[in-house]
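In: Quick one, fold the following:
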Amino acid sequence: MMGLQTTSFVAVLGAAGLAVGLALQGTLANFAGGVLILMFKPFAPGDVIESQGKTSMVKAIHIFDTILSTPQGDTVILPNGALSNNILINKTIENRALVEILLDVDGQTNLDELRALVLPLLTGHAQVLPDPAPSLGIVALVPGGMNLACRAYTLPGDNAAVHGALIEQIQRVLLSHGIQAPAKQKKKDKKTA
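Out: Down below sits the predicted model:
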């Protein structure tokens, strides 16, 4: 009636609809992710989570994104679409965090004596949780030595401070008792004199 080609008009309208749909695809995914997060509550403000290479405390959950606060004072904004569709680790839900300190000691080191020196440091620290109990064990044998792991649990927000304090205390004990790292193995010279 108006003299317009209806085929062209429908094609332009269809292309515009497709363009708008594609432009809103990410936004709709973030909206849907936000609804899922708010409905199922895999984490809450105050929890420490790890997702997409970021480990931080949840500051706020919005419908399109989640705001995280890092220990360095940075604010991280994660889109809810990616957050709800990827692996998420909630470090607060168990209300404990592992503090692990790796030690390399000489193979001749008496493990029972070393435990008697190190375990009281772990159990005596005010921020180390009594359950599960701290431990010290061999994780690998290397030429001339052993790789050991000191493990203790603390509250999620305290793990960095506890880790640093325990490293200093363990280092002092190792030095004062003459416990050394494994001696470097010399490569045998193929030429004989």
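In: Look up the pLDDT of residue 121 for me, please.
Out: pLDDT for residue 121: 92.
In: What helices and strands are in contact with whatever helix or strand it lives in?
Out: Per DSSP states H and E: residue 121 is located in helix 111-124. With contacts taken as 3 or more CB pairs under 8 Å, 6 or more residues apart in numbering; DSSP states H and E, helix 111-124 sits against strand 135-142, strand 145-154, helix 159-176. C-beta here means a position set from N, CA and C on the backbone, and glycine is covered the same way.
In: For the longest one, output the C-alpha coordinates as CSV.
Out: Written as CSV, here are the backbone C-alpha positions of helix 159-176 (Å, rounded to 0.1, in the frame of the first residue of the first chain):
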residue,chain,number,x,y,z
ASN,A,159,46.8,-18.3,56.0
ALA,A,160,49.2,-15.7,54.5
ALA,A,161,50.3,-14.4,58.0
VAL,A,162,50.6,-17.9,59.5
HIS,A,163,52.6,-19.1,56.5
GLY,A,164,55.1,-16.3,56.8
ALA,A,165,55.4,-16.6,60.6
LEU,A,166,55.9,-20.4,60.5
ILE,A,167,58.6,-20.2,57.7
GLU,A,168,60.6,-17.8,59.9
GLN,A,169,60.3,-20.0,63.0
ILE,A,170,61.1,-23.2,61.1
GLN,A,171,64.1,-21.6,59.5
ARG,A,172,65.5,-20.5,62.9
VAL,A,173,65.1,-24.1,64.3
LEU,A,174,66.8,-25.6,61.3
LEU,A,175,69.7,-23.3,61.5
SER,A,176,70.1,-23.6,65.3
